[in-house]
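# After the sequence you'll find the predicted model.
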Amino acid sequence: MKSPIVFRAAFGLLVASLLGILNLAESASASEEACPHHLYQVQLFSQDPLVVYIPDFITAEEAEHLEYITRDKFTRSEVADQYGNLMNATTRTSRSTSVASDPVVRCIESRALAFQGYDTPRSHLEPLQLVQYNVGEKYHAHTDWFEATSQTTAEFGGNRHSSFFVYVAADEITGGGTNFPLLDAPKDERWCKFVNCDEPWDAGVTFRPIPRNAVFWQNLHKDGRGNRATLHAGLPLTSGSKLGMNIWTREKPLSPQYRSDGLN
């Protein structure tokens, strides 16, 4: 028969082992839940094309972090011509920068991916892009999907399947909305909180630049053709400044060097 001392020692080892297993499980759980819990709402704006408005898509802390890590990194925004060559153009007069991955950026990326469902892996995501607008600066009507085959090769993951435009910051701003000229204006007056209801009916829809809110849309038809109804423009600012963020998802995986974790 074992003595009480031996029994207590064995019991102590068992408890220690169980505590060790629990600590490992808690550590794994903490690693999986590194992103802080964040609730946001969604409002379906259009079914064809799919356009969803998302109040409070990012947090105030995330917005501040994005501003901080991109300070002094902006250069003149470029556009792609019909052959896929990047160049400066009078149609886009903002400044932009790609954002390298860090824990906060990865949380924003994860939220954007989760919004689109479990079948959208991180490998389909382009690096986040921040865009600065000052008075008079704008981006003429354009689509995010490409017609140039040089911009839709396998290394680039095909064409852009979906887009988010997030209003990171808007300081003492007038103008600067995001206009979709081919969308139908909403009927319910509650949309006037997010949409400029003073626009003439034939001007389409202009989303107001409200900090931390976002607009999401799908760029392509089911057969992979670009949806021309996603034509949109960044209207010129008449006062203040605006900081926006593009989140683009491709049809297929991008080559590693074109993903956010491949940036220096």
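It's in.

# Return the residues in contact with the nearest residue to Cys35 once chain neighbours are set aside.
Nearest residue to Cys35, sequence neighbours excluded (Cβ to Cβ, 6 or more residues apart in numbering): Cys107, at 3.8 Å. For the C-beta atoms, the positions are set from N, CA and C on the backbone; glycine is no exception. For Cys107, the contacting residues are Ala34, Cys35, Pro36, Glu62, by Cβ atoms under 8 Å, 6 or more residues apart in numbering.

# and if you look at His37?
Neighbours of His37 in contact, by Cβ under 8 Å, 6+ apart: none.

# Please identify the helix or strand for the residue nearest to Cys35.
Element membership for Cys107, per DSSP states H and E: helix 103-115.

# So which bits of that helix are buried?
Of the residues in helix 103-115, Val104, Val105, Cys107, Ile108, Glu109, Arg111, Ala112, Leu113, Phe115 count as buried by neighbour count, 16 or more other Cβ atoms under 10 Å.

# Also stretch 131-138?
Using 16+ other Cβ under 10 Å as the test for burial, stretch 131-138 gives Val131, Gln132, Tyr133, Glu137, Lys138.

# Alpha carbons of that stretch, as CSV, please.
In CSV, the C-alpha atoms belonging to stretch 131-138 read as follows (Å, rounded to 0.1, in the frame of the first residue of the first chain):
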residue,chain,number,x,y,z
VAL,A,131,-4.6,57.3,-50.4
GLN,A,132,-4.3,61.0,-49.4
TYR,A,133,-6.5,63.8,-50.9
ASN,A,134,-6.1,67.5,-50.3
VAL,A,135,-8.2,70.4,-51.7
GLY,A,136,-8.9,70.1,-55.4
GLU,A,137,-7.5,66.5,-55.6
LYS,A,138,-9.6,63.8,-57.1
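
# Leaving aside the residues adjacent along the chain, what's closest to Asn246?
Using Cβ to Cβ, 6+ apart and skipping the chain neighbours, the partner closest in space to Asn246 is Gln129 (4.3 Å).

# Just confirm the one you found contacts Ser98, I think it does.
Yes: under the criterion of Cβ atoms under 8 Å, Gln129 makes contact with Ser98 at 5.6 Å.

# Would you convert the buried residues of helix 103-115 into TSV that also reports pLDDT?
As requested, the buried residues of helix 103-115 are arranged in TSV below (pLDDT from 0 to 100):
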residue	pLDDT
Val104	97
Val105	97
Cys107	97
Ile108	98
Glu109	97
Arg111	97
Ala112	98
Leu113	97
Phe115	97
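
# Now render those as TSV, adding distance to Val79.
TSV is the format used below for those (distance: Cβ to Cβ, whole Å):
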residue	distance to Val79
Val104	29
Val105	24
Cys107	30
Ile108	25
Glu109	24
Arg111	28
Ala112	23
Leu113	26
Phe115	27
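
# where exactly do the strands run in the stretch 151-264 of the chain?
160-175, 178-180, 205-207, 214-218, 232-234, 237-250 (DSSP state E, counting those that start in this stretch).

# The longest one: how far from the chain's middle?
Read that as strand 160-175. Its chain's C-alpha centre and that of strand 160-175 lie 10 Å apart, by Cα atoms, centre = their mean, to the nearest Å.

# One more: stretch 126-141?
With Cα atoms, centre = their mean as the basis, stretch 126-141 stands 14 Å off its chain's centre.

# likewise stretch 164-182?
Distance of stretch 164-182 from the chain centroid (Cα atoms, centre = their mean) equals 14 Å.

# Format the CA atom coordinates belonging to it as PDB.
Presented in PDB, the C-alpha positions along stretch 164-182 are these (Å, rounded to 0.1, in the frame of the first residue of the first chain):
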ATOM      1  CA  PHE A 164     -13.400  48.000 -50.100                       C
ATOM      2  CA  PHE A 165     -12.900  51.800 -49.900                       C
ATOM      3  CA  VAL A 166     -12.500  52.800 -46.200                       C
ATOM      4  CA  TYR A 167     -12.600  56.400 -45.000                       C
ATOM      5  CA  VAL A 168      -9.700  56.300 -42.500                       C
ATOM      6  CA  ALA A 169      -9.800  60.100 -41.700                       C
ATOM      7  CA  ALA A 170     -11.700  63.100 -43.000                       C
ATOM      8  CA  ASP A 171     -10.700  66.400 -41.400                       C
ATOM      9  CA  GLU A 172     -13.000  69.500 -41.700                       C
ATOM     10  CA  ILE A 173     -14.000  68.200 -45.100                       C
ATOM     11  CA  THR A 174     -16.400  69.300 -47.800                       C
ATOM     12  CA  GLY A 175     -16.700  67.400 -51.000                       C
ATOM     13  CA  GLY A 176     -14.500  64.400 -51.500                       C
ATOM     14  CA  GLY A 177     -17.300  61.800 -51.700                       C
ATOM     15  CA  THR A 178     -17.200  58.500 -53.600                       C
ATOM     16  CA  ASN A 179     -19.500  58.700 -56.600                       C
ATOM     17  CA  PHE A 180     -21.000  55.700 -58.400                       C
ATOM     18  CA  PRO A 181     -22.700  57.400 -61.500                       C
ATOM     19  CA  LEU A 182     -24.400  54.200 -62.700                       C
END
